[in-house]
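Enquirer: starting from these lines, generate the structure:
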Amino acid sequence: MSLKTEVKVGNISNLSDARYCAGMGVQYLGFSMDRNTVHYIDQKTLKTIKEWIVGPTIVGEFSDLEPLTNNNSTLLEDIDCIEISEPDLVDAAAKINLPLILKLDIASFISVQELEEKMARTKDRVMFFLLEKSTESAIKDMEISGLTTLYKIMIGFGIDKQSIHSWINGTKIFGISLKGGTEIKPGFKDYYELADILEEIEVD
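Expert: Numbering: from 1, shown residues only. This next block holds a predicted model:
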């Protein structure tokens, strides 16, 4: 199965999400490595999930690099890629010798010019940028679409069945980013929201 654009699904914390996304052709599966997040999974669980899936790139999602720089860490054996959300960590993360995704919250920038300056300074060390929006932003979607001609960008906000085709067909986005959820009970999930979008961009 294939999709019309690259897709990352982050915050995966259970096997149900991982298997479903892999089966739908999702290219990047993100797992939170931060103990203070509700979606955190430990390394043992990550190893177990990996045994059941084939194909997707495994992304370790970090707020800081301590889990990777700990002398006892073996996390590098279980992830294919690093995602960070702090631009100041790019130099240190780039030395780890794994592909790097930089997630940026556009609501934290006062203008598209400020955002672009940050992207320009880090683009040589980043595989692609993932743009999210935590609150209303001074930066308009139209300005973001302009950046997609200059940088490799995944969009992680404003994605639904109606807007997805505008992003794919009307911009140069590299892909889209979605999020997993919690299981109703082990092995049982409500996939409606995730499935609606993935099925909308499924290649016939």
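
Enquirer: which ones are touching residue 65?
Expert: 84, 89, 92, 93, 96 (C-beta atoms under 8 Å, 6 or more residues apart in numbering). To be clear about C-beta, it is placed using only N, CA and C from the backbone, and glycine gets the same treatment.

Enquirer: typo on my end, residue 154
Expert: Residues near residue 154 by C-beta under 8 Å, 6+ apart: 6, 8, 101, 128, 129, 130, 131, 173, 174, 175, 176, 177.

Enquirer: need the pLDDT of it.
Expert: Note on residue 154: pLDDT of 98.

Enquirer: next: the one 4 residues further on.
Expert: pLDDT, the model's per-residue confidence, is 90 for residue 158.

Enquirer: ok, residue 196 next?
Expert: Residue 196 is assigned 89 on the pLDDT scale.

Enquirer: and the contacts of residue 65, which is closest to residue 194?
Expert: Nearest to residue 194 among the contacts of residue 65, counting by C-beta to C-beta, is residue 84 at 24.2 Å.

Enquirer: on that earlier part again, need the contacts of residue 65 in JSON lines (columns: distance to residue 31 and neighbour count).
Expert: Formatted as JSON lines, those follow (distance: C-beta to C-beta, whole Å; neighbours: other C-beta atoms under 10 Å):
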{"residue": "84", "distance to residue 31": "14", "neighbour count": "21"}
{"residue": "89", "distance to residue 31": "18", "neighbour count": "17"}
{"residue": "92", "distance to residue 31": "20", "neighbour count": "14"}
{"residue": "93", "distance to residue 31": "16", "neighbour count": "23"}
{"residue": "96", "distance to residue 31": "16", "neighbour count": "13"}
